[in-house]
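**Student:** need a structure here:
(4 chains)
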There are 4 protein chains.
Amino acid sequence: MTLGFGVVGTGAIGREHINRITNKLSGGKIVAVTDVNQESAKQTVEQYGLDAVVYQDDKALIADEKVDVVLVTSWGPAHEATVIAAVEAGKYVFCEKPLATTAEGCMRIVEAEIKQGKKLVQVGFMRRYDSGYVALKQAIDKGEIGQPLMVRAVHRNPEVGEAYVTEMAVVDTLIHEIDVLHWLVNDDYKSVQVVFPRKTKYSHGKLQDPQLFTIETNSGIVMNVEVFVNCKYGYDIQCEVIGEDGVAYLPEFASVVTRKEAKLSSSILTDWKYRFMDAYDVEIQDFMDSINKKGEPQGPTSWDGYIAAVTADACVKAQQTGQKEAITLQERPVFYSENTVLERV
Amino acid sequence: MTLGFGVVGTGAIGREHINRITNKLSGGKIVAVTDVNQESAKQTVEQYGLDAVVYQDDKALIADEKVDVVLVTSWGPAHEATVIAAVEAGKYVFCEKPLATTAEGCMRIVEAEIKQGKKLVQVGFMRRYDSGYVALKQAIDKGEIGQPLMVRAVHRNPEVGEAYVTEMAVVDTLIHEIDVLHWLVNDDYKSVQVVFPRKTKYSHGKLQDPQLFTIETNSGIVMNVEVFVNCKYGYDIQCEVIGEDGVAYLPEFASVVTRKEAKLSSSILTDWKYRFMDAYDVEIQDFMDSINKKGEPQGPTSWDGYIAAVTADACVKAQQTGQKEAITLQERPVFYSENTVLERV
Amino acid sequence: MTLGFGVVGTGAIGREHINRITNKLSGGKIVAVTDVNQESAKQTVEQYGLDAVVYQDDKALIADEKVDVVLVTSWGPAHEATVIAAVEAGKYVFCEKPLATTAEGCMRIVEAEIKQGKKLVQVGFMRRYDSGYVALKQAIDKGEIGQPLMVRAVHRNPEVGEAYVTEMAVVDTLIHEIDVLHWLVNDDYKSVQVVFPRKTKYSHGKLQDPQLFTIETNSGIVMNVEVFVNCKYGYDIQCEVIGEDGVAYLPEFASVVTRKEAKLSSSILTDWKYRFMDAYDVEIQDFMDSINKKGEPQGPTSWDGYIAAVTADACVKAQQTGQKEAITLQERPVFYSENTVLERV
Amino acid sequence: MTLGFGVVGTGAIGREHINRITNKLSGGKIVAVTDVNQESAKQTVEQYGLDAVVYQDDKALIADEKVDVVLVTSWGPAHEATVIAAVEAGKYVFCEKPLATTAEGCMRIVEAEIKQGKKLVQVGFMRRYDSGYVALKQAIDKGEIGQPLMVRAVHRNPEVGEAYVTEMAVVDTLIHEIDVLHWLVNDDYKSVQVVFPRKTKYSHGKLQDPQLFTIETNSGIVMNVEVFVNCKYGYDIQCEVIGEDGVAYLPEFASVVTRKEAKLSSSILTDWKYRFMDAYDVEIQDFMDSINKKGEPQGPTSWDGYIAAVTADACVKAQQTGQKEAITLQERPVFYSENTVLERV
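**Tutor:** Numbering: from 1, shown residues only, chains lettered A, B, ... in the order given. The predicted structure follows:
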């Protein structure tokens, strides 16, 4: 079955997904689009030669019978309402992060989804589809390093603009580690503390950079996560899991090695877009395949969206207080208890 | 436009391409299949739920108006006739290696294609679509290592069966290096000499293993290529280009690095299927996109198929004589002179 | 001039230094030995065929006119008295760690040395002589990574016995990082906090393992140091300095790389003795050369011994309180202000 | 016992050894020196503050009773006469390469030494003392990669002057691989063939650069050795041994790894002096220790010097003919049959 996609939000990320579904992947078709800027929606249809209706708003789009999946790529504050409306209409949803801008909003989506009795929503945390993270998780799940005790993660960006302030290190940057790390070790977070090292001269008045987060999980795993967004040298994502029997590393992004000018070297990316480009393709293809084969998506759930929101709130608080802050989740509903991770691999 | 594919040969590789086109990529549809074993053709249609006609033979399949592309995945000796028939019918062709089993057969295809006045044929040398080789070629083309002077390539396999004899080191194994290396340095081959090192105890009476090929190009680049098909430890493809200003390496296949049991290590593949899996997808998607956007495929041409055949013949002769053997190509037709490599990247 | 060494303590480390000075290095000669176990002292003279007097105690040994240097390799609690006596006699001293078992004891040595008006004492922190650390420091000092902002260090041991308890992670293990890290970034420590991750099953009741130390310096550099003494897989010392313009790593210990059994791997040491073996040689040769050429040793000073003692005390306290503990040093005497690091390299 | 050294030749390498024996190592003392340039000999004594007699010539120096070892660091053509005179006087000899400038000359030394009934001579092939080569040989000897089948070696230099012509690629450069490779695999050479790849633009009229040597051993191991002396990028020594069960590599020279300016990189040496600096120390210390402990040196023998001379002759011939040339050694005398390699390790 070809899934009909209705796209809410035709900005950059929306168009990328439209292109992906239309020209690279198998199993989906864009049948409807909408945007608060109707002109943008129309241009998109034209640009990609889509056979799609342009709707006035998300409500009308959701109501279209040809729309099987609502792809939410509007701006963050609009996500919650669209997702809930889609869920209540029994439509599948692929929602770019954040699922909602507050933990409460995420919980309302969780409740709406449980009411439907079926998993409908996937959140766009693409790292879980990166071949490196998948391989790292497999190594851990197979017991190659024994029980994890510590994690060390690094999220570095060459530079950010003036608009990027201290809090955004959590909500824009760390958010990806927040999602991927608990999935990696199959555990829940308990607390977080933040230390601000000496600030790089390349930062500005409203941005502490770098930042070091120490996150503890329920089972006592300690995760040191560095966010350094003006590191100058490149876009660099590292992850290392230290277990009772050994250590496993996220693979470096593969690149040509050269011997030249007295250096043995390989390239580090400078643009984040290339780092997880394949992961976006795999993510959307898996989303479509899972719906077609199992009747529900198997990626990050609404509950994962909720975990991200609660954890991000605690991290921001920890930035402000300098103290260890609790990360307090509600009890995980049975509805989300099934671990479908390994089936996908 | 969705391209209609007619598949000639529904063995393992045929079915993989059918699955790829049907379930993973965008722009193609299987509309017809045939196989000398009609039962296999029928099972394939059923297995993948295809909306495709099963034909008695390639002639009938080629005649189907819905067939835009003939995908040739039959056994080698059958390729030439199918490809020529398809070309004469003005159909696009994607032909798995070998294009034909003789240099003369390849030349007949070349002539048929030139007669049509349009590039129709792409040969299935997938390595040119591997992200590592693409990056290596980019580094060379950009002049990062200056003029290439030497190449060192390694093609190792964990083990082969009794049916694999000395000559197959050329026609089954080295053939991939034959195609990719001249493309990599943009040069033509001139001669080849083979040396047989001490034979591994894991080989058998009819197989010299390993083998070392020294291939020279017109401009004097010397390529040392090792074929070692009972190397035991893994499937390992290496390529290193030594230039006037530096050296560039094909990236190692990315894998999780571990520190465990007194070793810092990463995995080496043991099954060749995983090494170029992505390259097959990119290859077929590029084939379809090029036809749709430019009206002709941009990958390895019939002429490349001819080069492979002539070179393989010389390599086999060199295995037998122990002498340096000339690799003598006819003059490259203007028709194939256009270098479209960089456009694709 | 050949320096006459008087050795106080003929246990394992004492004998190693005796062998080193006698059979591998140039410029020194063992002329006297003593040990609380006189039999051990005598055996040592015999074992190495020394032309050396066996003294009853350190006092007598120090008084020997042929003794230019007192090599202190007795057990820790005896160090202070011997060092002070030697300094007061105007003799050079090479003292294995600890300089003294308390910060006050170290300060008494500092004062005795200042009174002599001349640097006489070197403490046996050999890492500063490891070619890897030297190269790392050179990279930092040359500004290759800009101003350091963070350090990440790892000190892992395959396993320890029952006698090794939580506190020893500081005084036996972390002590090496304590000395080498402030030297590396040329800064003083300000505070330390300790987190205990989930305990490895390979540890025992009296040992928290692993442990994570977060040490801040006066200029705001944050150092995350992991001590993990039952890591099972090997003896592994890592150090990474993250600066404003880049990151620099302590080189991995060089070893043969192999491709074997589906792994690309290199060995990790399991015995710490081999890791810094060369550094011990360089350390003692430099000690002798500096005295001969400049009239005073140029390695870790009494003041460095004092820094180590104060910092270790704070780290132990932080283990107990779980809080951030201040590291409060007295003001650095002008006597120790000269930075002679770069001259040595 | 302290060995008395008489040094014949006080040029650069002679002075380095004098400094090494005098100021870094244990067990030797320079007691006599001579040089065709007497002024140079006198200056050397002064420069290093030696307590040594300056002799008119090698004959007089050899006759000095205090001279236990003759260190031959004069220019190549003078080696043979000095070595033979020293051997006939029953003195130990450490002779820098070449042992003699002809195979016949080497054979005369071999015969003189056999006549003395005792190994007296060590040739200055220092690579056998490099920790990397030692570790590689250990891995091979322990059977970690099974029976060696192929070797790939690379000898690259950043650049050479006009005086360096084609033949010197053998006698000045390849000569080190010639010595170390047969030792590494414990086999004798049988033939050599040379191929000249396209010449680098950085070379000059009298120098083919790079050059590729294919050397076969008696047991059929094939060694590909690249000599590339204007490679521009650095001084780079590589060695890889491919065996029946795996591959082992000479370790890269350890250096600080950095992440900087979009590159993950480590340094490659540009000056050959630093590459084997430690090996020179180990070599001379082992030479002295072996004489003291076993009564004879254990490093490269006169016979190894003879092997090098015969092999170099064949390589030069192969440069000229372009054909496969035989490497024909006389039968190895029983006198040199003892394999003392492993004892040293």
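**Student:** before we move on, what SS does the closest residue to A:Lys91 other than its chain neighbours have?
**Tutor:** Closest residue to A:Lys91 apart from its sequence neighbours, by C-beta to C-beta, 6 or more residues apart in numbering or on different chains: A:Val70 at 5.2 Å. Placement of C-beta: from N, CA and C, glycine included. Here A:Val70 is recorded as strand under DSSP: H, G, I helix; E, B strand; the rest coil.
**Student:** next one: the one 10 residues further on
**Tutor:** In the three-state summary, A:Glu80 is assigned as helix, counting by three-state DSSP.
**Student:** distance of it from A:Lys91?
**Tutor:** 15 Å (C-beta to C-beta, to the nearest Å).
**Student:** now do A:Leu250
**Tutor:** Remark: distance between A:Leu250 and A:Lys91 (C-beta to C-beta) = 35 Å.
**Student:** before we move on, what about A:Asp51?
**Tutor:** In terms of C-beta to C-beta, A:Asp51 sits 19 Å off from A:Lys91.
**Student:** Ok, A:Asp172 next?
**Tutor:** A:Asp172 sits 28 Å away from A:Lys91, taking C-beta to C-beta as the criterion.
**Student:** Which one's more surrounded, these two?
**Tutor:** Neighbours around A:Asp172 and A:Lys91, counted as other C-beta atoms under 10 Å in any protein chain shown, are more numerous at A:Lys91. The numbers are 22 against 16.
**Student:** Surely that one touches A:Val67?
**Tutor:** Yes. Taking contacts as C-beta atoms under 8 Å, A:Lys91 lies within contact range of A:Val67: 6.3 Å.
**Student:** what's the overlap in contacts for those two?
**Tutor:** Common contact partners of A:Lys91 and A:Val67 (C-beta atoms under 8 Å, 6 or more residues apart in numbering or on different chains): A:Gly6.
**Student:** next one: the longest helix belonging to chain A to chain centre, how far?
**Tutor:** In terms of residue count, the longest helix belonging to chain A (DSSP state H) is helix A:302-321. On the basis of C-alpha atoms, centre = their mean, to the nearest Å, helix A:302-321 sits 14 Å off its chain's mean C-alpha point.
**Student:** Is chain C within reach of that helix?
**Tutor:** No. Helix A:302-321 stays clear of chain C (C-beta under 8 Å from any C-beta of the partner chain), getting no nearer than 13.7 Å.
**Student:** May I see the buried residues of that helix?
**Tutor:** A:302-319 (16 or more other C-beta atoms under 10 Å in any protein chain shown).
**Student:** Report the rounded mean pLDDT for it.
**Tutor:** Averaging pLDDT along helix A:302-321 yields 98.
**Student:** Likewise for stretch A:335-345?
**Tutor:** When pLDDT is averaged along stretch A:335-345, the result is 57.
**Student:** Same question for stretch A:46-63.
**Tutor:** Averaging pLDDT residue by residue across stretch A:46-63 gives 98.
**Student:** end-to-end on that stretch?
**Tutor:** Criterion C-alpha to C-alpha, to the nearest Å; first-to-last residue distance in stretch A:46-63 is 23 Å.
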